[in-house]
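Okay, structure incoming, though there's no sequence with it:
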C-alpha cells in the first residue's frame with residue numbers, strides 16, 4: 001500500500017468517517033479527501049438523540065459536528081445525499097447510485113449500522129417508531145409529547161434511555177425483552193439487576209423472555225403490542241429498539257471478507273490492503289482478548305479507530321489496541337463501561353448498589369477484563385488506565401472502596 005495515496009475516499013459521514021477526514025489533515029496529509037454520506041445535511045452526533053435531544057436540552061442545530069465552512073477550510077470535499085452502489089476493487093472506483101463514478105487510491109468504509117427490522121412491522125403506522133437518525137429523533141420527540149402508554153421493544157442501551165425519559169414524563173412504560181435481563185450482551189448480571197431495579201422504581205414494567213407476536217393497529221395509529229403468550233400491552237407509542245445490523249453489504253458484494261461486520265486486521269485493513277474499515281461496521285482483532293474478532297457499537301471506538309486508521313494509511317504500522325469505553329444515561333443513573341468482559345467472567349462488587357453508586361469489576365481468572373460503573377466516575381477513569389496498561393488489581397483490592405486504585409498506576413510507573 002502506498003504510504004501517501006493521492007486520493008482518499010471515505011464512505012460514511014458519521015462520527016467515524018468525519019474523524020478520519022479530520023485526522024488525515026491533522027497528520028499533514030495534503031491529498032484529495034472525499035467524504036460520502038447518504039444523509040443530505042451536515043454530519044451530526046447520534047448519542048444525544050436518545051438522551052438530551054429528546055429532553056429538549058439540546059437542539060438539532062447543536063448536534064452538528066462541523067459547519068459548512070470547515071469543509072472549505074480543510075479542503076475536504078463533502079458529497080452529501082449520495083449513496084454508493086458498488087465498489088470496483090480492480091479499478092479502485094466507486095459507482096454512486098446517482099450515476100457518478102469516484103476513483104480512490106485508498107478507501108475507508110465507515111458505513112456504520114442500521115436498526116434491526118421486525119417482520120411484523122411492514123408498513124408505516126403513526127406511533128410505531130425507531131431511532132437512528134435526527135429525523136427519527138424529531139418524530140419520536142413529537143410522539144413523546146403526546147404519549148400516555150409507551151411500549152419499548154428491546155432492553156438495550158437505547159431502549160432503556162428512551163424508557164427512562166418516557167417514565168420521567170409520566171408515561172406508563174412497558175419494556176419487552178426477548179432474553180432474561182436488560183443489556184445482557186453488554187453488562188454483568190449484577191449490573192443488569194441494579195439497572196432493572198432502578199427503572200422499576202421509576203414505574204417501568206418489564207416483560208422478560210417475551211416475544212412480540214404482532215402490533216395491533218387502528219385505522220391510522222397503533223393500539224397495542226401483542227406478545228406470543230397472548231398478553232396485550234396497550235400503547236399509543238411503540239419504540240422498536242431491537243438492536244442493529246452492520247452495513248457490510250457493499251464490502252461483501254465486492255468480495256471482501258465479512259462475518260458479523262467487515263473483517264479487518266490489527267491495522268484496520270480489510271482483505272484488500274487498499275481498503276480499510278472502522279466503527280460499527282468493522283470486526284477487528286481485539287488486542288486484549290488474544291486477537292478474537294470483536295465488533296463494537298461505540299462512538300469512542302469509532303473515533304479512536306478513525307484516528308488510528310488515518311495514521312495507518314499514512315504509514316504507521318502499530319496495531320490498534322485502545323481500551324473500549326461505553327456510556328449510557330438512564331434517568332439519573334450514569335452507566336460507564338471500560339473494557340469488554342465475556343459472559344463467563346466473574347464479578348466483584350465495589351460499593352453498594354442500593355446507594356446508587358457502585359462498580360462491578362470483571363475478572364477472567366486473575367486478569368481484569370472490564371469495569372462497569374454506575375455514578376462512580378473515579379472508578380471508571382481508573383479502570384480505563386488500568387486496562388490500557390494491562391494492570392489488574394486483586395479481587396480484594398477491587399472489592400474495597402477505600403483502596404485507591406490509582407495507587408496501582410503510581411506503583412507501576414515507579415518500576
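That came through fine. Owing to the predicted nature of the structure, the values given are computational and were not obtained by experimental measurement.

And residue 133, how far from residue 360?
Going from residue 133 to residue 360 by CB to CB, to the nearest Å gives 33 Å. From N, CA and C alone the C-beta is placed, and that goes for glycine too.

Please apply the same query to residue 152.
24 Å.

before we move on, what about residue 248?
Distance from residue 248 to residue 360, by CB to CB: 32 Å.

so where do the helices sit in the stretch 51-200 of the chain?
For the stretch 51-200 of the chain, applying DSSP state H, counting those that start in this stretch gives helices covering 52-55, 68-74, 134-144, 157-168, 189-201.

who's in contact with the fourth one?
This points to helix 157-168. Helix 157-168 is contacted from outside by 50-51, 54-55, 131, 140, 144, 147, 150, 152-153, 173, 175, 182-183, 186, 195, 199, 202-204, 237, 239, 241, 326, 328-331, using CB atoms under 8 Å, 6 or more residues apart in numbering.

Spatially nearest residue to residue 321, not counting backbone neighbours?
residue 287 (3.8 Å; CB to CB, 6 or more residues apart in numbering).

Surely that neighbour touches residue 323?
No. Using CB atoms under 8 Å, residue 287 is not in contact with residue 323, being 9.4 Å away.

Of the two, which one has the most company?
Legend: neighbour count by other CB atoms under 10 Å for residue 287 and residue 323, higher for residue 323 (21 against 16).

which residues touch that one?
Taking CB under 8 Å, 6+ apart, we find residue 323 in contact with 288, 338-339, 384, 387-388.

Could you list which of these belong to helices?
Mapping the contacts of residue 323 onto helices (DSSP state H) picks out 384, 387-388.

Pick out whichever of these sits closest to residue 349.
Comparing the ones in helices among the contacts of residue 323 against residue 349 with CB to CB places residue 387 closest, at 18.3 Å.

Name all residues that make contact with that closest one.
288, 323, 338-339, 368, 370-371.

In JSON lines, list those along with pLDDT and distance to residue 60.
Shown next, in JSON lines, are the contacts of residue 387 (pLDDT from 0 to 100; distance: CB to CB, whole Å):
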{"residue": "288", "pLDDT": "91", "distance to residue 60": "37"}
{"residue": "323", "pLDDT": "95", "distance to residue 60": "32"}
{"residue": "338", "pLDDT": "98", "distance to residue 60": "31"}
{"residue": "339", "pLDDT": "97", "distance to residue 60": "34"}
{"residue": "368", "pLDDT": "98", "distance to residue 60": "40"}
{"residue": "370", "pLDDT": "98", "distance to residue 60": "34"}
{"residue": "371", "pLDDT": "98", "distance to residue 60": "34"}
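
Please, a ChimeraX command that selects the buried ones among the residues you listed?
Restricted to buried positions by 16 or more other CB atoms under 10 Å, the ChimeraX selection for the contacts of residue 387 reads:
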select :288,323,338,339,368,370,371
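
could the contacts of residue 387 be laid out in TSV, adding distance to residue 277?
TSV is the format used below for the contacts of residue 387 (distance: CB to CB, whole Å):
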residue	distance to residue 277
288	20
323	20
338	24
339	22
368	29
370	24
371	28
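
hang on, residue 88 packs against residue 95?
Yes. Here residue 88 reaches residue 95: they are 7.0 Å apart, a contact under CB under 8 Å.

Hmm, residue 314 and residue 267 touching each other?
No. The pair residue 267 / residue 314 is not scored as a contact, 11.6 Å apart, by CB under 8 Å.

follow-up on the earlier one: which members of the contacts of residue 323 define the maximum pairwise distance?
For the contacts of residue 323, and using CB to CB, no pair is farther apart than 288 and 384, which are 12.3 Å apart.

which secondary element of this protein has the worst mean pLDDT?
helix 406-414 (a mean of 80; mean pLDDT, DSSP states H and E).

which residues in the stretch 1-150 of the chain form strands?
7-11, 32-37, 76-80, 84-88, 93-96, 101-103, 106-109, 113-115, 128-129, 149-153 (DSSP state E, counting those that start in this stretch).
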